[in-house]
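> Pasting the sequence and the predicted coordinates here, then a few questions.
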Amino acid sequence: MTDAQSQLASAAWSAFRSPDPTAIERLLRGDCSALPFLAAALGRHLQQFPSVENGLSRTQRQILDSIAAGRGDPASLFHADRQLEPWIFLGYGAFLGWLRGLAECRQPLIEQVSGAYRLTQTGREVRGGRARWSEPRRALLPH
């Protein structure tokens, strides 16, 4: 590992651990070439923060879009989500946590009926840009 790689890795870890995501944005405005995959990984990480437009993360938006396109069972939703990612981002267990997070909350965006997920009225409104979802952040790991 070179000094440049070590310094960039240290700066990236500090930015990643910061409670303010703009620390990552500032890091990404600099030269990240010493670690060629860092910029893409941190950029994708930033997409998991809630959108200012609808309150959804990229993963949540992709789930709602896949359900709206007719997918409903967890395995096909996971497969559809994988197709939208250029690199592996979530494992199946973590993905199931995201599904539960959208279904088991104060304002559910999806519901499970006969083993398949479908959009709730709130889910249709948020997906269509007619409402903004605001749920407290919670751990989305499998039980």
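Received it, and whenever you're ready, just let me know what you need. Numbering: from 1, shown residues only.

> Compute the number of surrounding residues for the residue lying closest to Ala116 once chain neighbours are set aside.
Nearest non-adjacent residue to Ala116, counting by Cβ to Cβ, 6 or more residues apart in numbering: Gly72, 3.2 Å away. Bear in mind the C-beta positions are built from the backbone N, C-alpha and C, glycine included. Gly72 is flanked by 18 other residues according to other Cβ atoms under 10 Å.

> Gly72 sits in which helix or strand?
In the assignment (DSSP states H and E), Gly72 maps to no helix and no strand.

> Do you know the pLDDT at it?
Gly72 is assigned 94 on the pLDDT scale.

> One more: the one 5 residues further on?
Among the per-residue scores, Leu77 shows a pLDDT of 98.

> Need the residues that contact the helix or strand harbouring it.
According to DSSP H and E, Leu77 maps onto helix 74-83. Contact with helix 74-83 is made by 59, 62-63, 66-67, 69, 71, 88, 90, 92, 95-96, 99, 117, as judged by Cβ atoms under 8 Å, 6 or more residues apart in numbering.

> Kindly recompute the last result at 10 Å.
58-59, 62-63, 65-67, 69-71, 73, 88-92, 94-96, 98-99, 110, 112, 115-117 (Cβ atoms under 10 Å, 6 or more residues apart in numbering).
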